[in-house]
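**Q** Predicted model, plus sequence, below.
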Amino acid sequence: MKLAVASGKGGTGKTTVAVSLALCATGNVQYMDCDVEEPNGHLFLKPQITERITCKVTVPVINEEKCTYCGKCRDICRFNAITVFGKTIMAFPELCHACRGCFLVCDEKAIDEGEREVGVVEKGSAGSISFCHGKLRIGEAMSPPLIKAVKKHIIKDALVILDAPPGTTCPVIATVKDADYVILVTEPTPFGLNDLKLAVGVLRKLDIPFSVIINRHGIGDDRVERWCAEEGIDIKMKIPFDRKIAEGYAKAQPLVETRTDLRASFEQLLEEIRQ
Ligand code: SF4
Ligand code: SF4
């Protein structure tokens, strides 16, 4: 089973929840940090990394000896990664999304395959938990290929906890699109509600079952709860706003170690989702 933990908004406690679920799950468990721009699950799980795999994408390299400057490659590229003017052609590999469209339309076979490194996948273990995350190369803008590379290491038959990037754009879709269930972590503030609505819209479009966890319950107002009730969305847990939790977080202590009393709630949640 693939269980993704996502949030429309950054800083809501997504990793706190994902790590807690991994620590409370029994059997074969894998934690995957797909927040490749800023992975931080390793700070809490402290895994031993045993394998590093460089992730590269294929980018065009123009062979000007064969090129007729027809412009077909430029026209098909939605990302302006190729320009052609007169008898000059230029490729900008850092803008390339590796869709391979230009390779397909070039009748002259004037485009060779080059490589661009996008980041690294690291694998290891944290106690009995299998661990995997991606680290995007500094300056790299395109994270979905690295997220896909991370997900290639999903262990079949394990309970896989996918820690998704924040937001509702391509990196989130790349993470959650084949998940069996998604937990949306939000906070009871107007910003939390706004971004929760966007995330719910995406999941409904993808037709993935989901429920909500409210973090820092006690701050803000009850608009998130009222909206979830109106929409028929299940709120599975409310994590209290507690200074002790914030202090534990600052020391990279997992939530279920700072507040051991919350362990039973996470165990029950996993049981409900599994059923
Ligand atoms: S499609 Fe091929 S031949 Fe045409 S401009 Fe691009 S590289 Fe050159
Ligand atoms: S592979 Fe796709 S994104 Fe990259 S330059 Fe070619 S058409 Fe553009």
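**A** Cool, the structure landed. Ligands and ions are numbered 1, 2, ... in the order given.
**Q** Please, where are all the strands along this structure?
**A** 2-6, 29-33, 48-62, 82-85, 88-91, 111-126, 129-136, 159-163, 181-186, 210-217, 235-240 (DSSP state E).
**Q** Of all the residues in the fourth one, which ones are buried?
**A** This means strand 82-85. The neighbour-count check on strand 82-85 (16 or more other Cβ atoms under 10 Å) flags 82, 84 as buried. Every residue, glycine included, has its C-beta placed from N, CA and C.
**Q** what's the answer for the longest one, then?
**A** In terms of neighbour count (16+ other Cβ under 10 Å), strand 111-126 has its buried residues at 111, 116, 118-126.
**Q** if we can go back for a sec, out of the strands of the chain, which is closest to residue 248?
**A** Minimum separation from residue 248 across the strands of the chain (Cβ to Cβ) falls at strand 235-240, 12.1 Å.
**Q** What count of nearby residues applies to residue 100?
**A** Per other Cβ atoms under 10 Å, the neighbour tally for residue 100 reads 15.
**Q** From residue 133, how far off is it?
**A** 27 Å (Cβ to Cβ, to the nearest Å).
**Q** Excluding covalently adjacent residues, which one is nearest to the residue of the stretch 101-250 of the chain found nearest ligand 1?
**A** Residue nearest to ligand 1 within the stretch 101-250 of the chain (Cβ to the nearest ligand atom): residue 106, separated by 3.3 Å. The shortest distance from residue 106 to any non-neighbouring residue, by Cβ to Cβ, 6 or more residues apart in numbering, is to residue 73 (5.6 Å).
**Q** from memory that neighbour sits against residue 84, does it?
**A** Yes: judged on Cβ atoms under 8 Å, residue 73 makes contact with residue 84 at a distance of 7.4 Å.
**Q** thinking again about what came up before, the buried residues of strand 111-126 also near ligand 1: which ones?
**A** residue 111 (Cβ under 6 Å from any ligand atom).
**Q** Would you mind giving the buried residues of strand 111-126 as TSV with pLDDT and distance to residue 144 added?
**A** Shown next, in TSV, are these (pLDDT from 0 to 100; distance: Cβ to Cβ, whole Å):
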residue	pLDDT	distance to residue 144
111	97	22
116	95	14
118	95	9
119	97	11
120	98	16
121	98	14
122	98	18
123	98	19
124	98	23
125	97	26
126	97	26
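**Q** now, which of the buried residues of strand 111-126 sits nearest residue 246?
**A** residue 126 (22.7 Å).
**Q** That closest one bridge partners, please.
**A** residue 129 (DSSP bridges).
**Q** rewinding a little: which residues does the residue nearest to residue 106 contact?
**A** Residues near residue 73 by Cβ atoms under 8 Å, 6 or more residues apart in numbering: 60, 82, 84, 101-102, 105-106, 111.
**Q** can you do 7 Å?
**A** 82, 102, 105-106, 111 (Cβ atoms under 7 Å, 6 or more residues apart in numbering).
**Q** And the lengthiest helix in the chain, what's buried?
**A** With secondary structure taken from DSSP state H, the chain has its longest helix at helix 190-206. Buried positions in helix 190-206, judged by neighbour count with 16+ other Cβ under 10 Å: 192-193, 195-196, 199-200, 202-203.
**Q** hey, C-alpha coordinates of it in CSV?
**A** Taking Å, rounded to 0.1, in the frame of the first residue of the first chain, the C-alpha atoms of helix 190-206 are listed here in CSV:
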residue,chain,number,x,y,z
PRO,A,190,-7.1,31.1,6.7
PHE,A,191,-3.9,30.2,4.7
GLY,A,192,-4.2,26.6,5.7
LEU,A,193,-7.9,26.5,4.6
ASN,A,194,-7.1,28.2,1.3
ASP,A,195,-4.3,25.7,0.4
LEU,A,196,-6.3,22.7,1.7
LYS,A,197,-9.1,23.6,-0.7
LEU,A,198,-6.6,23.6,-3.6
ALA,A,199,-5.1,20.3,-2.5
VAL,A,200,-8.6,18.7,-2.1
GLY,A,201,-9.5,19.9,-5.7
VAL,A,202,-6.4,18.1,-7.1
LEU,A,203,-7.1,14.8,-5.2
ARG,A,204,-10.7,14.8,-6.3
LYS,A,205,-9.6,15.3,-9.9
LEU,A,206,-7.1,12.4,-9.5
